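[1] just to be clear, the model below is a prediction. Sequence and coordinates:
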Amino acid sequence: MTFRATVLTLYPEMFPGTLGLSLAGRALGEGTWSLDTVQIRDFATDRHRTVDDTPAGGGAGMVLKADIIAKAVDHASPQGDPRPRLLMSPRGRPLTQARVRELADGPGAVILCGRFEGVDQRVIDARGLEEVSIGDYILSGGELAAQVLLDAVVRLLPGVMGNMASGEEESFESGMLEHPHYTRPAEFEGMPIPDVLSSGNHKKIAEWRRAQALELTRARRPDLLDEK
Ligand code: SAH
């Protein structure tokens, strides 16, 4: 089954962008997933193709209009479309690997990219848009955020990662950060690779990696351990 992504944006030229290369790009070429963009401006009704207006109540910036966004969403995701409708938004629930996995197990996603100050609240409510944040900082638009989300999802689709095991050992999958990695040369600027990794003792290596992961997680992200 093909994972279908539809992105609503004022900048369709930004896609596939990074998603056209490497793992995601190859998978796109092979039809493992599909990507359509919808130009929000095509749903404007006036001569100037206006998509935004000044904020009610005053203040800086512009707001994407509810009527235009509703038409774009209804076109991209008609009734009965089983795909979740996402709005990239710094006010959204922070994206997690667990949510990424759920999305990858589903039929696809319809993703609205905000611009300016954001989107009229009424269309968010009326169309049941799920707000998703990629972190506590402000981007100038939702396009990069949508690419981040899709990159994380696409690499989990069946057949995309060559070595399927690598998906399961990574940071967050186990509720911890991942252990450090090493490769040749055996010595770099006077620093050797930890002995245990050359021991050939797979049980010892697994124990060492788990201990390293735990130590790193305690030091850098104790919140991950508290969640358990
Ligand atoms: N005024 C808004 C920020 C608007 S930024 C506020 O203070 O909450 C413009 C657009 O960029 C947003 O509508 C959203 O689509 C996108 N965006 C910005 N930061 C983001 C983030 N951290 N995660 C996801 N999308 C983001």
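    Ah, there it is.
[2] C-alpha only now, for contacts and for neighbours.
    OK.
[3] show me what the helix or strand that contains Leu8 is packed against.
    Taking DSSP states H and E as the definition, one finds Leu8 inside strand 3-9. Judged by 3 or more Cα pairs under 8 Å, 6 or more residues apart in numbering; DSSP states H and E, the packing partners of strand 3-9 are strand 33-39, helix 66-76, strand 108-113.
[4] any idea which of those gets closest to the ligand?
    Of all the helices and strands packed on strand 3-9, it is strand 108-113 that lies closest to the ligand, at 4.6 Å by Cα to the nearest ligand atom.
[5] how distant is that closest one from the center of its chain?
    Put simply, strand 108-113 sits 10 Å off its chain's centre (Cα atoms, centre = their mean, to the nearest Å).
[6] and it, anywhere near the ligand?
    Yes - counting by Cα under 6 Å from any ligand atom, the ligand is contacted by strand 108-113 at Cys113.
[7] kindly export that strand (C-alpha atoms) in CSV.
    The C-alpha trace of strand 108-113 is given here as CSV (Å, rounded to 0.1, in the frame of the first residue of the first chain):
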residue,chain,number,x,y,z
GLY,A,108,-0.9,8.8,4.5
ALA,A,109,-1.4,12.4,5.6
VAL,A,110,-2.8,15.7,4.5
ILE,A,111,-0.5,18.4,5.7
LEU,A,112,-1.3,22.1,5.8
CYS,A,113,1.7,24.5,5.9
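[8] let me know the pLDDT of Lys228.
    pLDDT, Lys228: 58.
[9] for the nearest residue to Asp67 once chain neighbours are set aside, pull up the helix or strand it's in.
    Spatial nearest neighbour of Asp67, excluding adjacent residues (Cα to Cα, 6 or more residues apart in numbering): Val123 at 7.6 Å. Assessed by DSSP H and E, Val123 sits inside helix 121-126.
[10] thinking again about what came up before, what about the strand holding Leu8 and the ligand, touching?
    No - for strand 3-9 and the ligand, the contact criterion (Cα under 6 Å from any ligand atom) is not met; the two come no nearer than 9.4 Å.
[11] pairing partners for that strand, with directions?
    Strands adjacent to strand 3-9 in the sheet, as given by DSSP bridges, are strand 33-39 (parallel), strand 108-113 (parallel).
[12] now the angle from it to helix 66-76?
    Strand 3-9 runs at 160 degrees relative to helix 66-76, counting by axes from the mean of the first three to the mean of the last three Cα atoms, to 10 degrees.
[13] against which helices or strands is whatever helix or strand comes next after strand 3-9 packed?
    Counting by DSSP H and E, the next helix or strand C-terminal to strand 3-9 is helix 22-29. The helices and strands touching helix 22-29, judged by 3+ Cα pairs under 8 Å, 6+ apart, are strand 33-39, helix 143-154.
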